[in-house]
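Engineer: Could you look at this predicted model? Sequence included:
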Amino acid sequence: MVEIYKETEYFPKEEIYGIVSQMRRAAVSIPSNIAEGFGRRSTKEYINFINISCGSLLELSTQIEISFRLGYIRKDRYDRYMDEIEIIHKMSNALKKSLRVKMNLEKSKNNILKKTLSNK
């Protein structure tokens, strides 16, 4: 997402507090929320932060679309950014899926442990 910072350097100066600021914030929010979720105590919290990250990713996608329509982003860059967003979105969904599997396994282990302990 460093490319977004570089790309927005060339936007009109009147957009510095508008779409430039929004795009930069969304771009930083994506990996930041994944990192914060990874540092949390539970898998459920991690999944929640990935969901927040996906929201920021979709915000950025919308902002890129608007920037393209306003003529701030060239077609080749627009296509590349949208392709990257699609890849990141798929990766995020795959990560969420694997974390849900992990969470379900943890629940199953806890249930078995509780049953074992209650039978003793």
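Structural biologist: Structure received.

Engineer: Now do the contacts for the closest residue in space to residue 52 that isn't next to it in sequence.
Structural biologist: With sequence-adjacent residues excluded and distances taken as Cβ to Cβ, 6 or more residues apart in numbering, residue 52 is closest to residue 33, at 4.7 Å. C-beta here means a position set from N, CA and C on the backbone, and glycine is covered the same way. Shown in contact with residue 33 (Cβ atoms under 8 Å, 6 or more residues apart in numbering): 49-50, 52-53, 56.

Engineer: same thing but at 7 Å, please
Structural biologist: Shown in contact with residue 33 (Cβ atoms under 7 Å, 6 or more residues apart in numbering): 49, 52-53, 56.

Engineer: Just the ones of these in helices?
Structural biologist: Counting by DSSP state H, these place 49, 52-53, 56 in helices.

Engineer: Same list, those residues, but as a markdown table with neighbour count and pLDDT please.
Structural biologist: As requested, those are exported to a markdown table (neighbours: other Cβ atoms under 10 Å; pLDDT from 0 to 100):
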| residue | neighbour count | pLDDT |
| --- | --- | --- |
| 49 | 18 | 97 |
| 52 | 17 | 98 |
| 53 | 24 | 98 |
| 56 | 20 | 98 |
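
Engineer: elements contacting the longest helix along the chain?
Structural biologist: Scanning the chain for the longest helix, with DSSP H as the assignment, gives helix 75-118. Packing contacts for helix 75-118, counted by 3 or more Cβ pairs under 7 Å, 6 or more residues apart in numbering; DSSP states H and E, involve helix 43-69.

Engineer: Specify the angle between the helix it packs on and helix 75-118 in degrees.
Structural biologist: Helix 43-69 runs at 170 degrees relative to helix 75-118, counting by axes from the mean of the first three to the mean of the last three Cα atoms, to 10 degrees.

Engineer: How about residues contacting stretch 94-112?
Structural biologist: Outside of stretch 94-112, the residues within contact range by Cβ under 7 Å, 6+ apart are 43-44, 46-47, 50.

Engineer: Just the buried residues of that stretch, please?
Structural biologist: 95-96, 99 (16 or more other Cβ atoms under 10 Å).
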